[in-house]
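# Sharing a model that was predicted from the sequence below.
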Amino acid sequence: MPYADLHVHTTASDGAMALSAVPRAASRAGVRVVAITDHDRPHPDLSAPISEHEGVRLIRGIELRVDPERGDAVDLLGYGVHETAELDALVERIQRNRIERGRRIVARVEDRLGLELGLEAKPGLGRPHIARAIADHAGSGYDYQGAFDELIGANGPCYVPREIPSFERGVGVLRCSCALVGLAHPFRYPDPEAALALAADLDAVERFYPYGRPVDTEPLDRAIEEHGLVATGGSDAHDDRLGRAGLNETAYETVEERLS
C-alpha cells in the first residue's frame, strides 16, 4: 500500500467522505499522508497547509480545472495551500459559477423527468452530486452512470458548461498560494502529450494514478526527466477507499521537501 495518497476528495466538493472520516479511511488503507484536493476550492475546515489528524498527516490541497490557450481543459493539483487574496477571489468566482451551473442543471433534469431532486445549490455542488440524487430518486429510471451518460454528461440534454480560468491564470494563482503545483492524471485527457507539454511550466506531475487500463508511461517519465518534475501520485478517491495509488515513503520525501 502507498505511504502517501496525494489526490483525495471529500464532501467539500464531489466526494462522499467527510473530512472527519479521512484519518480512519487512511489508517484502514495503511496510508500515513493524505492530500485533500477538492475541486476548485481548498477544504474550508483545514486551516493550515499541513496538519496532523489522528496520526495521519493531512495536506491542504486543491484540484483546479484550467483552460489552456490550445487543447482541452486540464486539472492542476496544488499542494500546501495557504490563503492569498488572489486564490480567495478566484475560488469565490468559481464557486458562484458552480452554484449557478448546478442550479441550471438541476432545473433541466427536473423539468425533463418531471420530478424534484431536493438538491440545494451550495458551494462545492458538482455533477456527481446531481447524478447521485438522480440515481437515488425512485422515479428517475436512471442509475448513477446512466445519469451522466444520458442526461448531464457533456453531450447530454441537461448539460450546462461552466466557466474555468485560463491555464496562465490558474498557474499564477496557485504558484502564489501553494508550495507545489502539478498536472493531474495526464493520461485521462484526449491528447496526453499535449497535456504533458504543459507540465514544462509546472513543478510536478501525477505519475501514479489508477487509470484502470494499461498506459505507456514512457512519455510521462521523459517529461519528468526533461523538466525536472516532482512525481506525485494518488487514488483520486471520491469514496473512502484510499491507497489505490500513491507514493511510497521514499518517493514522498521529495514532495515533503518542497512542502516544507
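Structure received. Numbering: from 1, shown residues only.
# rest of the way, CA atoms for contacts and neighbours
Will do.
# Need the three-state assignment for residue 225.
On the three-state scheme (DSSP: H, G, I helix; E, B strand; the rest coil), residue 225 is labelled helix.
# shaky segments in the protein?
Within the chain, no range satisfies pLDDT under 70.
# For it, give the strand that spans the most residues.
Ranked by number of residues, the top strand in the chain under DSSP state E is strand 56-66.
# which residues are contacting it?
Applying Cα atoms under 8 Å, 6 or more residues apart in numbering, the external contacts of strand 56-66 come out as 23, 26-27, 31-43, 46, 48-52, 73-81, 164-167, 170, 178.
# go on, stretch 12-22?
9-11, 38-39, 41, 43-44, 123-129, 237-240.
# go on, stretch 207-226?
Outside stretch 207-226, the residues touching it (Cα under 8 Å, 6+ apart) are 185-188, 193, 196-197, 199-200, 204-205, 229-236, 244-247.
# Quote the end-to-end distance of that stretch.
14 Å (Cα to Cα, to the nearest Å).
# Buried residues of it, list them for me.
The neighbour-count check on stretch 207-226 (16 or more other Cα atoms under 10 Å) flags 207-210, 220, 223-224 as buried.
# Now residue 181: closest residue in space that isn't a chain neighbour?
Nearest-residue entry for residue 181: residue 78, 4.5 Å, with adjacent residues in sequence omitted and distances by Cα to Cα, 6 or more residues apart in numbering.
# Kindly apply the preceding question to residue 117 instead.
residue 133 is the one closest to residue 117 (Cα to Cα, 6+ apart), at 6.1 Å.
# and the gap between the one you found and residue 42?
From residue 133 to residue 42 the distance is 24 Å (Cα to Cα).
# what's the first-to-last distance across stretch 204-216?
End residues of stretch 204-216 are separated by 18 Å (Cα to Cα).
# Show me what the host helix or strand of the residue nearest to residue 117 is packed against.
Residue 133 is part of helix 127-136 when elements are defined by DSSP states H and E. Contacts defined by 3 or more Cα pairs under 8 Å, 6 or more residues apart in numbering; DSSP states H and E place helix 127-136 against helix 85-113, helix 144-147.
# same for the first one, what does it pack against?
Using 3+ Cα pairs under 8 Å, 6+ apart as the contact criterion, the secondary-structure elements in contact with helix 85-113 are helix 127-136, helix 167-177.
# any chance of the ones you listed in TSV, with distance to residue 116 too?
Below are the helices and strands packed on helix 85-113 laid out as TSV (distance: least, Cα to Cα, whole Å):
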stretch	distance to residue 116
helix 127-136	9
helix 167-177	36
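# Out of those helices, the one nearest residue 145 is which?
Ranking the helices and strands packed on helix 85-113 by their distance to residue 145 (criterion: Cα to Cα) puts helix 127-136 first, at 7.6 Å.
# Show me which positions of that closest one end up buried.
Across helix 127-136, burial judged by 16+ other Cα under 10 Å covers 127-135.
# Export those residues as CSV, with columns for distance to residue 258.
CSV is the format used below for those (distance: Cα to Cα, whole Å):
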residue, distance to residue 258
127, 33
128, 32
129, 34
130, 37
131, 37
132, 37
133, 40
134, 42
135, 42
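# Max pairwise distance over those: which two?
Across those, no pair lies farther apart than 127 and 135, at 12.1 Å, counting by Cα to Cα.
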